[in-house]
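*Asks:* next one to model:
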Amino acid sequence: MASFRIENITKAFGKFTALNQVSTELDEDLISAIIGPNGAGKTTLVNVCTGMFPPDSGGLFFDSRNVTKQPSHKRVQLGIARTFQIVNIFPELTVRENIRVPLLYARHKTEVEEAADALLDTYGLARFRDTRAVNISHGDQKLLEMAMAIAVAPKVLFLDEPTAGVGMEEKEKIIETVQRFKGKNMITAIIEHDMETVFRIADRIIVMNEGEVIAQGSPEEIKSNAFVRKIYLKEEV
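*Replies:* Below you'll find the model as predicted:
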């Protein structure tokens, strides 16, 4: 079973240490949620894992392969994909054209049209196929970005706050979509602030605070962790 292993990753920006000796492991066919207060280092960790920033020290290993020094485009070729906290799509292209962009990279040209239609159907976007992406709702833009990430057939997928800023109906669609990733031979990690969403979809939770992992375990273990409840869930213990 594949895994993505993070070993003692440290990353500083000037005098500010964003990540301090972070170690954890993300496993195939499990949804791992990375949680923590604002500024905890969650997005920086994803940026390092996906090659946007190099770590100052430590190592990253995908299925026992050292990817620490691999540039981001090489990691994409290995099957490491992501979505962003701020939606990263091509706003002036149609929804279908957006999906075709990664497919043209990942598939033989004879497969692109059929694959694009399948993704439009899977993500509930078929009715917007000829609509410019800028004109669909924020929630549907999030689904579009997710479909674009899945188009490259990733083995590892990082989702950065996929339900942020969406309505309840759209949130449900996104949650159902993420839940379908289980059993797809894929490693899925999600950054999420909404604890109700986290406890609904996560098999494993990694809690960060001030650039460090302070707890990790099953949802039940995290719920019963007094330190986590005090500093993050804001409960009296």
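
*Asks:* just checking, what packs against the helix or strand of the chain with the lowest mean pLDDT?
*Replies:* Within the chain, no helix or strand scores below helix 226-231, which has a mean of 80 by mean pLDDT, DSSP states H and E. In this structure, helix 226-231 packs against strand 212-217, with contacts taken as 3 or more Cβ pairs under 8 Å, 6 or more residues apart in numbering; DSSP states H and E. Every C-beta, even on glycine, is put in place using the N, C-alpha and C of the backbone.

*Asks:* helix, strand, or coil at residue 162?
*Replies:* Using DSSP: H, G, I helix; E, B strand; the rest coil as the criterion, the local structure at residue 162 reads coil.

*Asks:* how far away is it from residue 13?
*Replies:* Residue 162 sits 25 Å away from residue 13, going by Cβ to Cβ, to the nearest Å.

*Asks:* cool, and residue 154?
*Replies:* When residue 154 is compared with residue 13 (using Cβ to Cβ), they lie 28 Å apart.

*Asks:* now residue 108
*Replies:* Computed with Cβ to Cβ, the distance linking residue 108 and residue 13 is 42 Å.

*Asks:* cool, residue 53 as well?
*Replies:* With distances taken as Cβ to Cβ, residue 53 is found 9 Å from residue 13.

*Asks:* so these two - more neighbours on which side?
*Replies:* residue 53 (17 against 10; other Cβ atoms under 10 Å).

*Asks:* residue contacts, the more buried one?
*Replies:* For residue 53, the contacting residues are 11, 44, 47, by Cβ atoms under 8 Å, 6 or more residues apart in numbering.

*Asks:* could you dump those to TSV with distance to residue 69 and secondary structure?
*Replies:* Shown next, in TSV, are those (distance: Cβ to Cβ, whole Å; DSSP: H, G, I helix; E, B strand; the rest coil):
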residue	distance to residue 69	secondary structure
11	14	strand
44	18	helix
47	15	helix
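
*Asks:* save these as CSV, and put in neighbour count and pLDDT too.
*Replies:* Converted to CSV, the contacts of residue 53 look like this (neighbours: other Cβ atoms under 10 Å; pLDDT from 0 to 100):
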residue, neighbour count, pLDDT
11, 22, 98
44, 21, 96
47, 21, 96
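
*Asks:* does residue 74 count as helix, strand or coil?
*Replies:* helix.

*Asks:* might one say that it is in contact with residue 51?
*Replies:* Yes - at 7.4 Å, residue 74 counts as touching residue 51 under the criterion of Cβ atoms under 8 Å.

*Asks:* higher neighbour count, these two?
*Replies:* Between residue 74 and residue 51, counted using other Cβ under 10 Å, residue 51 has the larger neighbour count: 20 against 12.

*Asks:* quick one, what contacts the residue nearest to that one when sequence neighbours are not counted?
*Replies:* Of all residues not flanking residue 51 in the chain, residue 72 sits nearest, at 3.3 Å (Cβ to Cβ, 6 or more residues apart in numbering). Neighbouring residues of residue 72 by Cβ under 8 Å, 6+ apart: 50-52.

*Asks:* just the pLDDT at the closest residue to residue 179 other than its chain neighbours, thanks.
*Replies:* In space, and not counting its chain neighbours, residue 179 is closest to residue 201: 5.7 Å by Cβ to Cβ, 6+ apart. With respect to pLDDT, residue 201 scores 94.
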